[in-house]
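J.: missing the sequence, but the structure's below:
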């Protein structure tokens, strides 16, 4: 270990392998396991996953807990052996019986995701707690996240902060980022955007891409730091290139709106596509706008409808609202004003201001639904209170002309819609 990590001696991975091999030949399980890790990761030897599994199995069958855990991990990931989640769970259980906390945490994840066992979220929480109370840092963060999101237990921001804090104090990058979210939004702690920015920066410095993205948003919005949109762009790019989906979408949005960089619809569409392919509902909506209007791609209303539909299914209210507009206008799909109204209601119910305005228009005009000026006024007021300019104009019109329906409004130019995408759990 000293030669592998350069502790007290010059780092020499080949020498480390030589010593691990000698320990293995003397049937020392820790040496066998360490040699397996070298083959697993290509440390001092050419990577050979099958040899790694052979070595893990040898010490696992001798009841060595770390070897049991690593053999389970190999089965779970299908590395060096045919993937077999049930076998993974079995080896994690055997390691747990030997009090190996990482295996207990791994069991928790299996029960959370239904990997090799039937999903059982309360049981997952039990395993995370068991490992967390033994001091295993990733389990402390996972347990905090269960409280944060209400996974297998009641949502409890105070308890979430307690566990995030414990893991963050030990430098765990994901916990630093999640604790930053808590301070950013006031979840379980007093809101403190400056402290949030510092926590995001600490996560960023440890190479945690979601923290890098969150720090980028701080610089974009001037939250907890001095506004610097060019720095925000650089941070989004770093996180996006590291595979962070939200950063891909934010980077695309910067190009889309010219934030910290010259507007470039082709580059925007490229990054929206990357994020959309990875499941981002927001990116699917924005890419839908590109196809609807021909921004950076060939105009294709049918593709826009497909993307808005997937965004809606992903729970993104802007996607739901834009899909409603397509049904309202018969754009890329058969016109269906009643369906448009249903979609506007769905999005407005999630607090979407634009949907509230469009639903109010339908109610004022009697489009796709019975005319109802009282309800229309309430929705216009709701949208106006959230800063929607046309809703304010509509209220003034209703005050002047009580009975004449509004003229159908032209669709709002998509790229005039400014806005940012807040992080957090809400």
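T.: Arrived safely, thanks for sending. These figures come from a predicted structure and were not determined experimentally.
J.: CA only for contacts and neighbour counts going forward, please
T.: Will do.
J.: please enumerate the helices of the stretch 101-250 of the chain.
T.: Assigned by DSSP state H, counting those that start in this stretch, the helices in the stretch 101-250 of the chain fall at 101-113, 121-133, 137-149, 157-168, 173-185, 193-205, 209-221, 229-241, 245-257.
J.: outside of the shortest one, which residues touch it?
T.: Surrounding helix 157-168, the residues in contact under the criterion CA atoms under 8 Å, 6 or more residues apart in numbering are 137-138, 140-141, 143-148, 174-176, 178-179, 182, 187-189.
J.: going through those residues, which ones are buried?
T.: 137-138, 140-141, 143-148, 174-176, 178-179, 182, 187-188 (16 or more other CA atoms under 10 Å).
J.: can you pull the contacts of the residue lying closest to residue 203 once chain neighbours are set aside?
T.: Closest residue in space to residue 203, ignoring its immediate chain neighbours: residue 173 at 4.7 Å, by CA to CA, 6 or more residues apart in numbering. By CA under 8 Å, 6+ apart, residue 173 lies in contact with 202-204, 206-208, 211.
J.: ok, residue 87 - how many residues close by?
T.: Applying other CA atoms under 10 Å, we find 17 residues neighbouring residue 87.
J.: I misspoke; the intended subject was residue 234.
T.: Neighbours around residue 234, by other CA under 10 Å: 16.
J.: find the nearest non-adjacent residue to it, please.
T.: residue 216 (7.8 Å).
J.: so how far is residue 264 from the one you found?
T.: Per CA to CA, to the nearest Å, residue 216 is found 19 Å from residue 264.
J.: same question, residue 326
T.: Relative to residue 264, residue 326 is positioned 25 Å away (CA to CA).
J.: neighbour count: the two, which is higher?
T.: Legend: neighbour count by other CA under 10 Å for residue 326 and residue 264, higher for residue 326 (24 against 17).
J.: chain center to the helix or strand containing the more buried one, what's the gap?
T.: Residue 326 is part of helix 317-329, with elements assigned from DSSP states H and E. How far helix 317-329 lies from its chain's middle: 24 Å, per CA atoms, centre = their mean, to the nearest Å.
J.: what residues sit buried inside that helix?
T.: 317-329.
J.: same question for stretch 212-230.
T.: So stretch 212-230, judged by 16+ other CA under 10 Å, has buried residues 212-220, 223-225, 227-230.
J.: on that earlier part again, most surrounded residue in the contacts of residue 173?
T.: residue 211 (30 neighbours).
J.: tell me the pLDDT at that residue?
T.: Residue 211 is assigned a predicted lDDT (pLDDT) of 98.
J.: pretty sure it contacts residue 203?
T.: Yes: between residue 211 and residue 203 there is a contact at 5.1 Å, judged by CA atoms under 8 Å.
J.: which residues do these two both contact?
T.: What both residue 211 and residue 203 touch, as defined by CA under 8 Å, 6+ apart, is the set 173-174, 176-177.
J.: tell me the contacts of residue 50?
T.: 79-81 are the contacts of residue 50 under CA under 8 Å, 6+ apart.
J.: quick one: the helices in the stretch 251-400 of the chain?
T.: Going by DSSP H, counting those that start in this stretch, the stretch 251-400 of the chain shows helices at 265-277, 281-293, 301-313, 317-329, 337-348, 353-365, 373-385, 389-400.
J.: okay, those in JSON lines with mean pLDDT and distance to residue 42 next?
T.: Listed next are the helices of the stretch 251-400 of the chain as JSON lines, based on pLDDT from 0 to 100; distance: least, CA to CA, whole Å:
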{"stretch": "helix 265-277", "mean pLDDT": "98", "distance to residue 42": "31"}
{"stretch": "helix 281-293", "mean pLDDT": "97", "distance to residue 42": "37"}
{"stretch": "helix 301-313", "mean pLDDT": "98", "distance to residue 42": "41"}
{"stretch": "helix 317-329", "mean pLDDT": "97", "distance to residue 42": "45"}
{"stretch": "helix 337-348", "mean pLDDT": "98", "distance to residue 42": "51"}
{"stretch": "helix 353-365", "mean pLDDT": "96", "distance to residue 42": "54"}
{"stretch": "helix 373-385", "mean pLDDT": "94", "distance to residue 42": "59"}
{"stretch": "helix 389-400", "mean pLDDT": "88", "distance to residue 42": "61"}
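J.: okay if I get these as TSV plus distance to residue 111?
T.: As requested, these are exported to TSV (distance: least, CA to CA, whole Å):
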stretch	distance to residue 111
helix 265-277	27
helix 281-293	26
helix 301-313	26
helix 317-329	31
helix 337-348	33
helix 353-365	39
helix 373-385	43
helix 389-400	48
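J.: between those, which gets nearest to residue 47?
T.: helix 265-277 (30.7 Å; CA to CA).
J.: list the contacts of the spatially closest residue to residue 346 that is not a sequence neighbour.
T.: Using CA to CA, 6+ apart and skipping residues adjacent in sequence, the residue nearest residue 346 is residue 320, 7.4 Å away. Residues in contact with residue 320 (CA under 8 Å, 6+ apart) are 308-309, 311-312, 343-344, 346-347.
J.: what is the nearest of those residues to residue 66?
T.: residue 311 (42.7 Å).
J.: on that earlier part again, which pair in the buried residues of stretch 212-230 spans the largest distance?
T.: Longest span within the buried residues of stretch 212-230, CA to CA: 224 and 230, 16.3 Å.
J.: burial check on residue 365, number of neighbours?
T.: Neighbour tally, residue 365, other CA under 10 Å: 20.
J.: surely it and residue 371 touch.
T.: Yes: contact criterion CA under 8 Å: residue 365 and residue 371 qualify, at 6.1 Å.
J.: now stretch 185-201: mean pLDDT?
T.: pLDDT averaged over stretch 185-201 gives 98.
J.: compute the first-to-last residue distance for it.
T.: First-to-last residue span, stretch 185-201, CA to CA: 16 Å.
J.: quick one: contacts of that stretch?
T.: Counting by CA under 8 Å, 6+ apart, 156-161, 176-177, 179-184, 211-212, 214-215, 218, 223-225, 424 sit against stretch 185-201.
J.: mind putting the contacts of residue 173 in CSV, distance to residue 380 included?
T.: Listed next are the contacts of residue 173 as CSV, based on distance: CA to CA, whole Å:
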residue, distance to residue 380
202, 43
203, 42
204, 42
206, 47
207, 45
208, 42
211, 38
